[in-house]
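Undergrad: Generate a structure from the sequence data that follows.
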Amino acid sequence: MQWINAQKICKGMELGEIPPPRSIFRDVLKVAWPSVLESFFVNLAGLVDTIMVGGIGSYAIAAVGLTTQPKFLGLAIFLSLNVAVSAIVARRKGAEDRESANRVVRMLLLVTLALAAVISVVFVVFASPIVHLVGSQPDTHDAAVAYLRIIMGGMVFNVVSLVLNAAQRGAGNTRIAMTTNVISNSVNVVFNYLLIGGHFGFPKLGIQGAAIATVLGTVCACALSLRSVLKGGFIDLRSVKGWIADHMSIRSVFNVGSSAFVEQICMRIGFLLFSMTVARLGTTEMASHQIGMNLMSMSFSIGDGFSVAAVTLIGQSLGRRRPDMAKIYGNVCQKIGLLCACVISTVYFIFGRNIFTLFTDEVPILNYGATIMRILSVMLFLQIEQVVLFGCLRGAGDTRFTALVSLISVTFIRPGMSWLLCYPLGFGLIGAWMGTFCDQAVRFTLSLIRFRKGHWTQLKL
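TA: This is a model prediction of the structure:
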């Protein structure tokens, strides 16, 4: 409990009444643990997807990996709207302005439905050239196209669930989002088993079965999310009339959402260029990389959970006009994240190669895996901390800064350093992971400096 030194954390700020340290830790963990579990189970479902698809062959793992960045590029605008809705709902929750919060959610739900219809059609029609652009090989192209078409064809269920869960998180209802995602991902895993291999009389659909199972999971998530906003609570879409938010909220949605959208586009372009760099190395390297990225996502779930806690608690603190508490909550989220990083790093360093054997028994992939896991065991300290720091800044609405950092680091440094290390310097796949390390280090350093300066506590939403 000595970790919380309010005078040091809030140096130069006016301090109000500070709750006991035990109370602060309890607040953080109360919001964070459902989000950590939610993110963990989402990423676990992706991990199980990869393990089950891996039974078909390494080409199938590579094919799914090829669709990851195009898929997230298509989701970029929805992920940016989620940042806006979480930050604004958290502020309105702190100010006890329930009417305004629900109007924002209603309006963004309508926008989400309209955009989803357009983007879904574009990806289904142009799936083949998109997959070709990201570097598909002859043995992966058709499978990747089929997977992408099914996933993006059913994206409307996913994006509706995303925006409603983002609103619930902003209000502090992280258990609702957790329950929704745990149930939907359980559905996904069950139908993976039934449809990939064709068990209990279901057709054997291979990689297409994995895509259908994912969509069925999002249908379930959508139904549960809609139920959660129609049964009472701070977010209750039946409690307001009309579909247009107030002028101030619309301006806040545009300011936060547009910056978050620029950040998402910068990130997705950078990740796409990065993925294309790896795809050129070959199917074995792409499969090894995809497994490594899945395991990186598992460690990301810790940072993501505490990032959600930071968004919620910082937004609500600023809504109550307590910037001192916003900074304290952000500091505590970082410190707990650091402890978690120590545990995960130890496991990855010691058991890295053994973990890769869950996915495949191909020796070249296992050899790559051992090195990747050593790099990841060090890199995840930077990864978890920068994810939490970005959550702190987004919770305050400082999305212009996070967009600028993503432009510098993800769009240019990661793909640039990865290409340089992969090809001219001859490090191959390991060079790509060294480039990722450089990206994480830059994002961590810049976001830590920004957080400590504290200018983000003065932003208005």
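Undergrad: How about residue 120, nearest residue that isn't a chain neighbour?
TA: Using C-beta to C-beta, 6 or more residues apart in numbering and skipping residues adjacent in sequence, the residue nearest residue 120 is residue 155, 5.2 Å away. Just so you know, the C-beta spots here come from the backbone N, C-alpha and C atoms, and that holds for glycine as well.
Undergrad: Check which helix or strand the closest residue to residue 90 other than its chain neighbours maps to.
TA: With C-beta to C-beta, 6+ apart as the measure, residue 315 is the residue that lies nearest to residue 90, at 2.6 Å, once sequence neighbours are left out. Using DSSP states H and E, residue 315 sits in helix 283-319.
Undergrad: Check the offset of that helix from the chain's centre.
TA: In terms of C-alpha atoms, centre = their mean, to the nearest Å, the centre of helix 283-319 is set 5 Å apart from its chain centre.
Undergrad: after it, next one along is what?
TA: From helix 283-319 onward toward the C-terminus, using DSSP H and E, the following helix or strand is helix 323-356.
Undergrad: So which elements touch that next one?
TA: helix 6-9, helix 21-54, helix 283-319, helix 363-395 (3 or more C-beta pairs under 8 Å, 6 or more residues apart in numbering; DSSP states H and E).
Undergrad: Take those and lay them out in TSV including distance to residue 197 and mean neighbour count.
TA: Putting the helices and strands packed on helix 323-356 into TSV (distance: least, C-beta to C-beta, whole Å; neighbours: other C-beta atoms under 10 Å) gives the following:
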stretch	distance to residue 197	mean neighbour count
helix 6-9	53	14
helix 21-54	8	20
helix 283-319	19	26
helix 363-395	21	22
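Undergrad: what sits against residue 64?
TA: Shown in contact with residue 64 (C-beta atoms under 8 Å, 6 or more residues apart in numbering): 49-50, 53, 144, 147, 207, 210, 290.
Undergrad: one more time with 6 Å
TA: Under the criterion of C-beta atoms under 6 Å, 6 or more residues apart in numbering, the contact partners of residue 64 comprise residue 53.
Undergrad: any idea how far it lies from residue 79?
TA: From residue 64 over to residue 79 the distance is 20 Å, taken as C-beta to C-beta, to the nearest Å.
Undergrad: Same question for residue 306.
TA: With distances taken as C-beta to C-beta, residue 306 is found 18 Å from residue 79.
Undergrad: Likewise for residue 407?
TA: For residue 407, the distance to residue 79 equals 16 Å [C-beta to C-beta].
Undergrad: Could you do residue 209 as well?
TA: Plainly put, residue 209 is 27 Å away from residue 79 if you go by C-beta to C-beta.
Undergrad: Equivalent analysis for residue 343, please.
TA: 28 Å.
Undergrad: Can I get stretch 450-461 in PDB, CA atoms only?
TA: C-alpha atoms of stretch 450-461 as PDB (Å, rounded to 0.1, in the frame of the first residue of the first chain):
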ATOM      1  CA  ARG A 450       2.900  12.500 -21.600                       C
ATOM      2  CA  PHE A 451       1.200  10.800 -18.600                       C
ATOM      3  CA  ARG A 452       3.700  12.300 -16.100                       C
ATOM      4  CA  LYS A 453       3.300  15.800 -17.400                       C
ATOM      5  CA  GLY A 454      -0.400  15.700 -16.600                       C
ATOM      6  CA  HIS A 455      -1.800  18.100 -19.200                       C
ATOM      7  CA  TRP A 456      -4.400  15.500 -20.200                       C
ATOM      8  CA  THR A 457      -6.200  16.100 -16.900                       C
ATOM      9  CA  GLN A 458      -7.300  19.500 -18.200                       C
ATOM     10  CA  LEU A 459      -9.100  18.300 -21.300                       C
ATOM     11  CA  LYS A 460     -12.900  19.000 -21.600                       C
ATOM     12  CA  LEU A 461     -15.400  16.600 -23.000                       C
END
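Undergrad: starting at the chain centroid, how far to it?
TA: Mean-position distance between stretch 450-461 and its chain equals 23 Å (C-alpha atoms, centre = their mean).
Undergrad: Begin at 32, not 1, for the rest of this chat.
TA: With the count now opening at 32, the last piece we talked about shows up as stretch 481-492.
Undergrad: mind listing the strands for the stretch 82-231 of the chain?
TA: Counting by DSSP state E, counting those that start in this stretch, one finds no strands in the stretch 82-231 of the chain.
Undergrad: Now the residue positioned nearest the centre of the chain: closest residue in space, sequence neighbours ignored.
TA: Per C-alpha atoms, centre = their mean, the C-alpha nearest to the average position across the chain is that of residue 335, at 6.7 Å. Closest residue in space to residue 335, ignoring its immediate chain neighbours: residue 70 at 4.2 Å, by C-beta to C-beta, 6+ apart.
Undergrad: Next up, the contacts around that neighbour.
TA: Counted by C-beta under 6 Å, 6+ apart, residue 70 has contacts 332, 335-336.
Undergrad: Could you do residue 190 as well?
TA: Listed by C-beta under 6 Å, 6+ apart, the contact set of residue 190 reads 109, 143, 147.
Undergrad: Those residues in helices, which ones?
TA: The helices, defined by DSSP state H, take in 109, 143, 147 from these.
Undergrad: The second one and residue 193 touch, don't they?
TA: Just to be clear, that refers to residue 143. No: in this structure, residue 143 is not within contact of residue 193 by C-beta atoms under 6 Å, at 8.1 Å.
Undergrad: Turn the contacts of residue 70 into a markdown table, including pLDDT and distance to residue 361.
TA: Output for these, formatted as a markdown table (pLDDT from 0 to 100; distance: C-beta to C-beta, whole Å):
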| residue | pLDDT | distance to residue 361 |
| --- | --- | --- |
| 332 | 82 | 19 |
| 335 | 85 | 15 |
| 336 | 85 | 14 |
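Undergrad: Out of these, flag the one nearest to residue 280.
TA: residue 335 (25.8 Å; C-beta to C-beta).
Undergrad: From residue 471, how far out is residue 327?
TA: From residue 327 to residue 471 the distance is 10 Å (C-beta to C-beta).
Undergrad: Name the SS class of residue 261, please.
TA: Of the three states, residue 261 takes coil according to DSSP: H, G, I helix; E, B strand; the rest coil.
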